[in-house]
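Visitor: Return atomic coordinates for the entry below.
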Amino acid sequence: MTDDSTSGAGSTTEADSTPEADSTPEADSTPEDGPIAGLDRTDPLAAVSPLDGRYASRTAPLSPYASEGALMRARTRVEVEYLIALAALEATPIAIDDDVVEALRSLYTEFSAADARLIKALEVEGAAGYAATNHDVKAVEYFLRVRLEALAEAGVVDDADALFPWIHFGLTSEDVNNLAHRLLVKPAVETVLVPAIREVRDALADLAREHRATPMLARTHGQPATPTTFGKEMAVYAARLGRALGRVDAAVDGLSGKLAGASGTYAAHAAAYPDVDWRAFSASFVGDLGLDHTPLATQVNPCDDLAALFDALRGVNDVLLDLDVDAWLYVSDRYLGQRAVEGETGSSTMPHKVNPIDFENSEGNLSKANADLVFLADYVTSSRLQRDLSDSTVKRNVGAAFAHCLIGYSKAGDGLSKVVPNETVMREELAGTPEVIGEAVQTILRREGDVEAYERVKELSRGRRVTLEDFRALFDELDVDADVRAELNALTPEGYVGVAADLVTDVDDIGDADGLEDVEE
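Guide: Numbers count the residues shown, from 1 in each chain. From the prediction side, this is the model:
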């Protein structure tokens, strides 16, 4: 992709704009390290990245938004809608009737594989009488010329040549690209990533409700701490995901597009038609595409909106990474069992194992996604002076970051669907850790005015194994009323969970503003 294409075929080319020809094996390659016989490059088994290989079925929903063909279609949409908008101006000498508008829009609404291949051919080989552009946006412009000629031959358009000068009129490639990218990013997040996150959130909420009263030993600093319930812990993650989703929704709503020419000054537009309010035109055009308008920019959209979205997605991923690690630890502690999948192998050498592979896979993919999202957020917001091209190749990798997100979300969901809380183990662990009632004991004694309450319990329990009988011996020595002694004697680890079960209801009380839909019990 060139720096801009306001006139003529691009002369400044992007280093990676033209695909390399299929490489041939080196003369000294051997059968064990050369191409695999019979394995075509289009086969997922030959994919360079696991995103289109091993995980192709999981990342497929992103293809309509993250592929090169999708970008071609989005660019075509921007160019077509821009041509229609120009024709609607009184100042321009072109007019497009409703039938032509419908035909033009069909160029992107009915965009096909043949269209994508023609655009690629115009870019790298030359086609339909045009030399190779070595410029992907210019190739879209010539594609539209070819299709307009076909519409003219079909009698839909009266004079295709009269429309040619108005395709890409006064634009720079970045005007088209920044809008096209956002027209892909927005639905990719809204229709693919957000639903996948909500599935995980809903699974957590279901576990929270089902096990709201299942007592479980908590650990702080890795040590036994005040008990909780398994349901309450799952509710924490569900609520956190809800809030993180709210931030993602806000970031998507804030996606913002720019259309202002080669240096962001509308110079070419104003030179051609100084009496047209191009700022208002741009704001209206961008808004009609469903985006906010960026009124001040250089040649490039500053991309602060994309950075905000990437950061919001990273916030979601951070919550799920925390969940993945905790779920792994709960499996390790046998708090969670896992449903075995018939025929599946857990270990190549230990037949008995059912490994927490889904949580591990999710952790790995979300960690990779976060690394990519941090890089993207940092990189796309910088540009040398009014424009340099280094961001172009970087933006081509947004889809890869989203794909790692999607794999992570789906794997976390798979893991949650297989776990079964082991209430017996949880209760046994609580019964074996009676010292956790020490907090309740010293708090009740403080209520009764005992100034040595904390010290009494500390002397009894810190760094020592104690039993409920040890506590009860202490209670017998205390100078307290009988009803207080009875209150102390009634304390048990599994019963000392506060209002944990009631807290689960807060999952249902969080509204849409926090990314959670109201759910009935």
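
Visitor: Averaging pLDDT per element, find the lowest-scoring helix or strand in this protein.
Guide: Ranked by mean pLDDT, DSSP states H and E, the weakest helix or strand in the chain is helix 506-509, scoring a mean of 72.

Visitor: Quick one, grab the pLDDT at Y454.
Guide: pLDDT recorded at Y454 is 89.

Visitor: Now do it against N134, distance only.
Guide: To N134, Y454 is 76 Å away according to CB to CB, to the nearest Å. For glycine as for every other residue, the C-beta is placed from the backbone atoms N, C-alpha and C.

Visitor: And those two? Which one has more around it.
Guide: Comparing Y454 with N134 by other CB atoms under 10 Å, the one with more neighbours is N134, at 20 against 16.

Visitor: Is it correct that that one falls within a helix?
Guide: No: checked against DSSP: H, G, I helix; E, B strand; the rest coil, N134 lies outside a helix; its state is coil.

Visitor: For G290, which three-state class applies?
Guide: State at G290, reduced to three classes by three-state DSSP: coil.

Visitor: Can you tell me the SS state at the closest residue to it other than its chain neighbours?
Guide: Spatial nearest neighbour of G290, excluding adjacent residues (CB to CB, 6 or more residues apart in numbering): K186 at 7.1 Å. Following three-state DSSP, the label given to K186 is helix.

Visitor: same check, this time on T265
Guide: coil.

Visitor: can you count the residues close to it?
Guide: 15.

Visitor: Kindly report the same for the one 4 residues further on.
Guide: Neighbouring residues of H269 were enumerated by other CB under 10 Å; the total is 21.

Visitor: So which bits of the helix or strand encompassing Y237 are buried?
Guide: Using DSSP states H and E, the element containing Y237 is helix 230-253. Buried residues in helix 230-253, counted by 16 or more other CB atoms under 10 Å: 230-249, 251-252.

Visitor: hang on, M426 packs against T229?
Guide: No: assessed by CB atoms under 8 Å, M426 is found out of contact with T229, at 9.3 Å.

Visitor: any residues in contact with both of the two?
Guide: Common neighbours of M426 and T229 (criterion: CB atoms under 8 Å, 6 or more residues apart in numbering): 214-216.

Visitor: Return the subset of those residues lying in helices.
Guide: Using DSSP state H, no member of the shared contacts of M426 and T229 sits in helices.

Visitor: Compare those residues and tell me which is most surrounded.
Guide: Busiest of those [other CB under 10 Å] is M216, holding 27 neighbours.

Visitor: How about the contacts made by that residue?
Guide: Counted by CB under 8 Å, 6+ apart, M216 has contacts 227-230, 233, 335, 426, 429-430.

Visitor: ok, 6 Å please
Guide: By CB atoms under 6 Å, 6 or more residues apart in numbering, M216 lies in contact with 228, 230, 426.

Visitor: And for S417?
Guide: Per CB under 6 Å, 6+ apart, neighbours of S417: none.

Visitor: Next one, pLDDT for L516 please.
Guide: 42.

Visitor: Tell me the backbone dihedrals of L336, please.
Guide: With angles defined as degrees, to the nearest 10, L336 sits at phi -120, psi 130.

Visitor: Y108 - that's part of a helix, no?
Guide: Yes: using three-state DSSP, the assignment for Y108 is a helix.

Visitor: I'd like the average pLDDT over stretch 381-389.
Guide: Stretch 381-389 comes out at a mean pLDDT of 75.

Visitor: counting contacts, what elements does the longest helix along the chain pack onto?
Guide: Using DSSP H, we find that the single longest helix of the chain is helix 304-332. With contacts taken as 3 or more CB pairs under 6 Å, 6 or more residues apart in numbering; DSSP states H and E, helix 304-332 sits against helix 230-253, helix 357-379.

Visitor: returning to that earlier point: please tabulate the contacts of M216 in TSV and include pLDDT and distance to S461 as additional columns.
Guide: Shown next, in TSV, are those (pLDDT from 0 to 100; distance: CB to CB, whole Å):
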residue	pLDDT	distance to S461
T228	97	20
F230	96	25
M426	95	21
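
Visitor: Considering the residues you listed, which is situated nearest to Y55?
Guide: F230 (30.6 Å; CB to CB).
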